[in-house]
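1. Build me a model:
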Amino acid sequence: MEYTLNDYLDISEEVAAAVTEGKPVVALESTILSHGMPWPDNLEFGKKVEAVIREAGAIPATMAVINGRMKAGLSESDLELLCKNEGNVVKKLSRRDLPIALATGATGATTVTTTMMLAHLAGVKFFATGGIGGVHRGAEKTMDISADLQELAQTPVAVICAGAKMILDIGLTLEYLETQGVPVLGYKTDDFPSFYCRKSGFGVDYKAEKPLDVAKLAKVKWDLGFKGGILIGNPVPEEYALDFDKMTAVINEALDEANAKQIHGKETTPFLLAKIVELTGGDSLATNIQLALNNARVAAEIAVAYAEL
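-> Numbering: from 1, shown residues only. Sure, this is the predicted structure:
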C-alpha cells in the first residue's frame with residue numbers, strides 16, 4: 001500500500017506557502033518548551049522566539065508531534081498543549097522514538113535530531129536551537145553519544161546554535177563531526193562557543209562574518225548534493241555570557257552528583273541542566289533563554305540571505 005507524506009505530516013498553511021514560494025523559514029525545536037522550562041515561562045518564550053524570527057524577516061516553524069501527527073508550524077493551542085504538559089504526557093522524541101510515537105498516536109516534543117528530520121521533510125533548511133548534544137564525558141566507557149551528531153552527518157539542514165553544551169566533551173564532539181564531514185562554522189568567532197560561555201578553547205573550520213557567508217556555503221554544499229548539515233556556532237551575547245572557570249566548577253559538581261546517583265542515557269542531560277540552574281541560582285536559565293533568542297535572530301538573517309541568493 002503506497003503512502004504519501006501527507007499521511008504523517010501536517011505543514012501549516014503559512015509554512016507551506018513560504019517553502020513553496022522560496023521565502024525564508026526557520027525551524028524551532030519543542031523540547032526546550034515541554035522539558036526545558038517551567039509553565040508559563042515556556043509559553044511566553046515560545047511566542048517570543050517566533051516573534052524574533054518574524055522581526056528578522058523569516059517565518060517560524062516550530063516542530064512537534066501532536067496525537068501521532070508530525071507538525072511543521074504549530075497553532076497557539078498546540079503550543080499551549082506542549083508547554084502545559086499536563087500529566088507529563090508529552091514525550092521527548094529522538095529518531096528512534098519517532099515511528100513509535102506516530103504509530104501509537106502519542107504527543108511528543110522534538111529534539112535537535114527530530115527537529116532536523118521534520119524540517120527536512122517540510123522543506124525547511126535552517127534551524128535555530130540552544131545548543132547541540134554531542135559526545136558525553138566518559139563516552140569511551142558508556143558509548144553515550146547524542147543522536148544529534150549522526151543527524152548532522154546525514155540530514156541537509158543548517159543548525160544555528162550556541163555551540164555544544166558544556167556538560168559534554170567538546171573536543172571529542174568536534175572530532176566526531178570532522179569524521180562525519182560536517183562543516184563547523186563560527187559566526188563572527190574563531191573559537192567554537194560552549195553554550196553558556198563564548199569560548200571553548202577549540203577552533204572552528206571557518207569563520208563567517210555575516211549571514212551571506214553562511215548562506216553561500218550552504219548553497220554550494222546543497223547544490224552539489226552533498227549529504228548532511230552544517231553547524232554554525234553563534235556565541236551567546238557578551239552581556240549574558242557566564243564565566244568559563246565558574247561554569248566549569250559548577251558542571252563538574254553536577255556531573256559528580258549524576259555519577260553518584262547513577263543517572264545515565266537520555267536522563268543525563270535533563271538532570272544536569274536542572275542541577276546547573278540550581279547551582280547558578282537561575283543564572284544559567286536566563287543565559288539559556290537569551291542565547292536561544294539570539295540564535296533565532298541570526299538563523300532568520302541567514303535564511304533571508306539564502307532566499308535572496
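
2. Can you report how many residues neighbour the nearest residue to K91 once chain neighbours are set aside?
-> In space, and not counting its chain neighbours, K91 is closest to G108: 4.0 Å by CB to CB, 6 or more residues apart in numbering. C-beta here means a position set from N, CA and C on the backbone, and glycine is covered the same way. A count of nearby residues for G108, using other CB atoms under 10 Å, gives 26.

3. ok, G108 touching N88?
-> No - with contacts counted by CB atoms under 8 Å, G108 stays clear of N88, the gap being 11.8 Å.

4. So G228 sits against L152, correct?
-> Yes - in this structure, G228 is within contact of L152 by CB under 8 Å, at 6.3 Å.

5. shared neighbours of the two, anything?
-> Both G228 and L152 are contacted by Q180, V182, under the criterion CB atoms under 8 Å, 6 or more residues apart in numbering.

6. So between the two, which is more surrounded?
-> Using other CB under 10 Å as the criterion, G228 and L152 rank with L152 on top: 29 against 20.

7. Return the backbone torsion pair for the residue nearest to K91.
-> phi -150, psi 160 (degrees, to the nearest 10).

8. list the contacts for it?
-> G108 neighbours (CB under 8 Å, 6+ apart): A64, V65, V90, K91, K92, L93, D97, A101.

9. Need those in CSV (columns: secondary structure, pLDDT and neighbour count).
-> Listed next are those as CSV, based on DSSP: H, G, I helix; E, B strand; the rest coil; pLDDT from 0 to 100; neighbours: other CB atoms under 10 Å:
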residue, secondary structure, pLDDT, neighbour count
A64, strand, 98, 29
V65, strand, 98, 27
V90, coil, 97, 24
K91, strand, 96, 19
K92, strand, 94, 19
L93, strand, 97, 29
D97, helix, 97, 20
A101, helix, 98, 21
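
10. For those, could you give me JSON lines that also reports distance to A58?
-> Output for the contacts of G108, formatted as JSON lines (distance: CB to CB, whole Å):
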{"residue": "A64", "distance to A58": "19"}
{"residue": "V65", "distance to A58": "23"}
{"residue": "V90", "distance to A58": "26"}
{"residue": "K91", "distance to A58": "28"}
{"residue": "K92", "distance to A58": "26"}
{"residue": "L93", "distance to A58": "25"}
{"residue": "D97", "distance to A58": "28"}
{"residue": "A101", "distance to A58": "28"}
